[in-house]
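Visitor: Sequence plus the predicted model coming up.
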Amino acid sequence: MTEKLYYSEPYLREVEATIAKIDFLNGKEAELILDKTIFYPEGGGQPSDRGVIESDNYKIEIDHVYKKDGEVIHHGFLKGNKPKAGDIVKVSIDWFWRYENMKQHTGQHILSAIILKKIGAETTGFQIFDKYNKIEIETDEKLNWNLITEIEIEANHVVSKSIDVEAVWYNELPEDLEQKLRKYVSEKVKGKIRIVKIDDIDIVPCGGMHVKNTREVGLIKVLRFYQKTSKVWRIEFVCGNRALIELNKILLDYSQSLKTIGNKNYPLFKSIEELKESHSNLWKEKEELRKQLIDLKIEGLIEKSIKVKGFNVIILTDEISMKEYQEIATRLIDTHKKTIFLGATNRYALFAKSKDVAIDMNELMRAVMGKFDGKGGGSAILAKGGKYNAKPDEIINEAIEKIKEFL
Ligand SMILES: [Zn+2]
């Protein structure tokens with residue numbers, strides 16, 4: 001069984017070890033077991049360590065470490081010669097990553113303890129991600145920023161008190177200690193129990209990695225919180241250097257957003273509300289102007305309209321979008337009687353009529369498309385066509401001929 005140095009010496013960054021077993025998953029990917037390790041395997045919401053296992057003639061970049069049947073498995077990618085069982089290797093972990101995870105984990109103990117103390121809410125879930133951490137709590141309380149600020153102030157006060165964080169193994173828990181636990185020992189835990197203690201502020205069974213003293217945690221800062229179900233809330237927070245990195249990212253975004261906005265006197269959200277309102281007014285104005293433009297265009301088209309058997313035939317062959325064709329046609333037949341609209345570009349055609357014209361536009365379109373190998377159809381009032389081998393003028397002329405036949 002691997003000696004777990006990450007528990008006995010959590011601040012050890014480098015060690016010499018012996019490969020007990022190695023499997024090659026393919027040429028460059030390997031999984032190893034060592035006689036002793038400083039790599040923390042993923043568990044309890046804390047991600048695994050990463051780092052390097054190397055000798056003079058090879059190097060294995062470890063990206064994931066996990067527990068299997070009580071053993072610690074190191075997964076990684078090999079560069080250089082092939083390692084073998086019995087090799088003596090230098091083992092080193094990515095200390096910045098590990099130390100930050102230790103701060104996040106210890107910060108979570110403090111935050112969860114203060115939340116329990118202040119609003120009686122138990123922490124039911126915890127996960128450390130690359131950039132932030134997440135806890136889930138169960139409560140009937142409605143969280144808000146005032147309450148969160150009170151919790152943060154008290155949690156950060158615990159940090160500033162420089163309290164030692166102790167991890168003690170017990171074969172059996174003393175009864176008085178058991179009563180002080182923030183969480184019961186899971187039934188899954190077999191054998192020795194590891195209790196992590198921050199004075200009498202937080203006493204809890206835990207197998208994760210923690211800093212030696214609360215002052216190392218640095219700032220504990222909540223970034224977001226939201227209700228997941230009626231009783232479950234999620235709180236996302238950061239500690240240590242990750243708190244500085246994340247807060248600076250948010251501040252940079254804020255200052256850049258502020259730079260792009262004219263009115264800097266308001267809080268940003270007020271300026272955004274003003275912008276949204278002005279955007280919506282401009283949009284309404286634009287729509288109004290567009291309608292006026294369509295009306296003007298229709299007036300011009302009517303002036304040039306031709307008479308076919310007593311009906312006004314309006315012709316449009318401009319290379320504009322199908323959407324514009326449809327708008328012009330719809331507005332035209334809604335506002336004018338005894339009117340037929342014939343529109344065609346190099347790519348598509350659109351025919352429409354006012355209700356008082358006794359020709360089916362679907363039939364008209366199919367007849368015209370049939371002549372020029374095109375495709376199309378629609379309703380009795382409005383039909384569309386395309387994929388034809390004809391110029392716009394040819395489509396229009398053919399449509400006029402068909403109208404004369406049909407009427
Ligand atoms: Zn812990």
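Guide: Here it is on my side, so go on. Residues are numbered from 1 along each chain as shown.
Visitor: what's the helix or strand for the residue in the stretch 301-407 of the chain positioned nearest to the ion?
Guide: Using C-beta to the ion, the closest approach of the stretch 301-407 of the chain to the ion is made by Lys323 at 60.0 Å. Backbone N, C-alpha and C define where each C-beta goes, glycine included. According to DSSP states H and E, Lys323 maps onto helix 322-335.
Visitor: tell me the average confidence for that helix?
Guide: For helix 322-335, mean pLDDT is 94.
Visitor: domains of the protein?
Guide: Listed domain ranges for the chain are 3-93, 99-258, 305-406 (source: automatic domain parsing).
Visitor: Any idea which of these gets closest to Ser271?
Guide: domain 99-258 (8.0 Å; C-beta to C-beta).
Visitor: What's the end-to-end length of the closest one?
Guide: Terminal residues of domain 99-258 lie 35 Å apart, using C-alpha to C-alpha, to the nearest Å.
Visitor: tell me the average confidence for that domain?
Guide: The average pLDDT for domain 99-258 rounds to 95.
Visitor: picking up where we left off before, nearest approach to Glu277 belongs to which of the domains of the chain?
Guide: domain 99-258 (17.4 Å).
Visitor: Is that closest one in proximity to the ion?
Guide: Yes: Domain 99-258 lies within reach of the ion by C-beta under 5 Å from the ion, at Cys206, Gly208.
Visitor: what are the ranges of the helices in the protein?
Guide: Using DSSP state H, the helices of the chain run over 5-8, 95-119, 145-160, 175-180, 240-259, 268-303, 322-335, 361-371, 392-406.
Visitor: list the buried ones in the last one?
Guide: The neighbour-count check on helix 392-406 (16 or more other C-beta atoms under 10 Å) flags Pro392, Ile395, Ile396, Asn397, Glu398, Ala399, Ile400, Lys402, Ile403 as buried.
Visitor: Let me know the pLDDT of Gly44.
Guide: Confidence score, pLDDT, at Gly44: 89.
Visitor: any idea how far the ion is from it?
Guide: Applying C-beta to the ion, to the nearest Å, the value for Gly44 to the ion is 7 Å.
Visitor: Same check on Lys276?
Guide: From Lys276 to the ion the distance is 45 Å (C-beta to the ion).
Visitor: Count residues in the vicinity of that residue, would you?
Guide: Applying other C-beta atoms under 10 Å, we find 10 residues neighbouring Lys276.
Visitor: neighbours of whichever residue of the stretch 1-150 of the chain sits closest to the ion, just the number please.
Guide: Using C-beta to the ion, the single residue of the stretch 1-150 of the chain nearest to the ion is His105, 5.0 Å away. Number of residues near His105 (other C-beta under 10 Å) recorded here: 24.
Visitor: so what's it up against?
Guide: Counting by C-beta atoms under 8 Å, 6 or more residues apart in numbering, His105 touches Gly45, Gln46, Ile128, Gly208, Met209, His210.
Visitor: Please name the residues that touch the spatially most distant residue from the centre of the chain.
Guide: Computed with C-alpha atoms, centre = their mean, the residue of the chain farthest from its C-alpha average is Lys309, at 62.7 Å. Neighbouring residues of Lys309 by C-beta under 8 Å, 6+ apart: Ile403, Lys404, Leu407.
Visitor: switch the cut-off to 7 Å
Guide: Lys309 sits next to Lys404, Leu407 when contact means C-beta atoms under 7 Å, 6 or more residues apart in numbering.
Visitor: Now tabulate the domains of the chain in TSV and tack on distance to Asn281.
Guide: Formatted as TSV, those follow (distance: least, C-beta to C-beta, whole Å):
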stretch	distance to Asn281
domain 3-93	49
domain 99-258	22
domain 305-406	22
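Visitor: mind checking which of the ones you listed is nearest Ile272?
Guide: Relative to Ile272, the nearest member of these by C-beta to C-beta is domain 99-258, separated by 8.3 Å.
Visitor: gap between that closest one and the chain center?
Guide: 24 Å (C-alpha atoms, centre = their mean, to the nearest Å).
Visitor: Stretch 85-94 now?
Guide: On C-alpha atoms, centre = their mean, the centre of stretch 85-94 falls 38 Å from that of its chain.
Visitor: Name the residue of the stretch 151-300 of the chain that lies nearest to the ion.
Guide: For the stretch 151-300 of the chain, C-beta to the ion, closest residue to the ion: Cys206, 3.2 Å.
Visitor: Determine the number of other residues adjacent to that residue.
Guide: Neighbouring residues of Cys206 were enumerated by other C-beta under 10 Å; the total is 24.
Visitor: Quick check on it: phi, psi?
Guide: When read as degrees, to the nearest 10, the backbone of Cys206 gives phi -160, psi 140.
Visitor: who touches it in this structure?
Guide: Taking C-beta under 7 Å, 6+ apart, we find Cys206 in contact with Gly44, Arg194, Val196.
Visitor: are any of those buried, and which?
Guide: Buried members of the contacts of Cys206, scored by 16+ other C-beta under 10 Å, are Arg194, Val196.
Visitor: Nearest to Lys297 among the contacts of Cys206?
Guide: Nearest to Lys297 among the contacts of Cys206, with distances taken as C-beta to C-beta, is Gly44, at 69.5 Å.
Visitor: ok, the closest one touching Gly207?
Guide: Yes: using C-beta atoms under 7 Å, Gly44 is in contact with Gly207, at 5.3 Å.
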